[in-house]
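Novice: Provide a 3D model corresponding to the input given below.
(one chain, ligands or ions: 1)
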Amino acid sequence: MNLKPETLAKIDEVITHYPVKRSATLPLLHLIQEDLGYIPEEAITWIATKLEIAPINVYEVVTFYPMFRRKPIGRRHIKVCRTLSCALMGGYKTCETFEKEFNTHRGEISPDGEVTIEFVECLASCGTAPVVMIDDDLHEKVDCAKAKQLAEQIKKEAAQRR
Ligand code: FES
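Specialist: Sure, this is the predicted structure:
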């Protein structure tokens, strides 16, 4: 498993915050997902060894919480809020626009490997619905036209990288 040195350092530090090592299971999973984009199988045994617990104890946590992904995602992660305010203000249409722009479906990696689009619950910016997070950046009032603009921007950045 190829974790960044900063992630490994954070992991070692986080473990020291807990009197019982196993209590660090959840934060370790978050750190690994933040780094790799998902929780690979080997992360489960790696965490278990690190925290001196059985792999099943880590597995139970991963499968209990829906926020942990078991499959890789695209280079960019587009999260569209689908909770009430955003849904009423067109969040579903926004999501469809992204899907069309990248020729993909929610939860999949787009054919160019560039994005994964997902629905998420309230992003705590209901007054500026519909709201979208792209990686760590929040975008407000993302109607279909703005979704197209954001998609164009992502495509432009991808082309510059190639
Ligand atoms: S409902 Fe979408 S940000 Fe709260």
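Novice: rest of the way, CA atoms for contacts and neighbours
Specialist: OK.
Novice: all helices of this protein, in order?
Specialist: Using DSSP state H, the helices of the chain run over 5-15, 25-36, 41-51, 55-64, 84-88, 91-101, 144-161.
Novice: ok, residues contacting the longest one?
Specialist: If I follow you right, that is helix 144-161. K93, T94, T97, F98, E101, F102, E114 (Cα atoms under 8 Å, 6 or more residues apart in numbering).
Novice: How far does that helix sit from its chain's centre?
Specialist: Distance of helix 144-161 from the chain centroid (Cα atoms, centre = their mean, to the nearest Å) equals 19 Å.
Novice: and that helix with helix 91-101, angle?
Specialist: Put simply, helix 144-161 runs at 30 degrees to helix 91-101, going by axes from the mean of the first three to the mean of the last three Cα atoms, to 10 degrees.
Novice: Let me see the mean pLDDT of helix 144-161.
Specialist: Per-residue pLDDT values over helix 144-161 give a mean of 95.
Novice: next one: the fifth one
Specialist: Averaged across helix 84-88, pLDDT comes to 98.
Novice: Same check on the third one?
Specialist: Averaged over helix 41-51, pLDDT sits at 97.
Novice: Give me whichever of the helices of the chain is most buried.
Specialist: Across those, the average number of neighbours (mean count of other Cα atoms under 10 Å) peaks for helix 91-101, which reaches a mean of 20.
Novice: that older thread, so can I have TSV of the contacts of helix 144-161 showing distance to the ligand and pLDDT?
Specialist: Converted to TSV, the contacts of helix 144-161 look like this (distance: Cα to the nearest ligand atom, whole Å; pLDDT from 0 to 100):
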residue	distance to the ligand	pLDDT
K93	14	98
T94	12	98
T97	17	98
F98	17	98
E101	21	98
F102	22	97
E114	24	94
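Novice: domain parsing for the chain?
Specialist: 5-64, 76-161 (automatic domain parsing).
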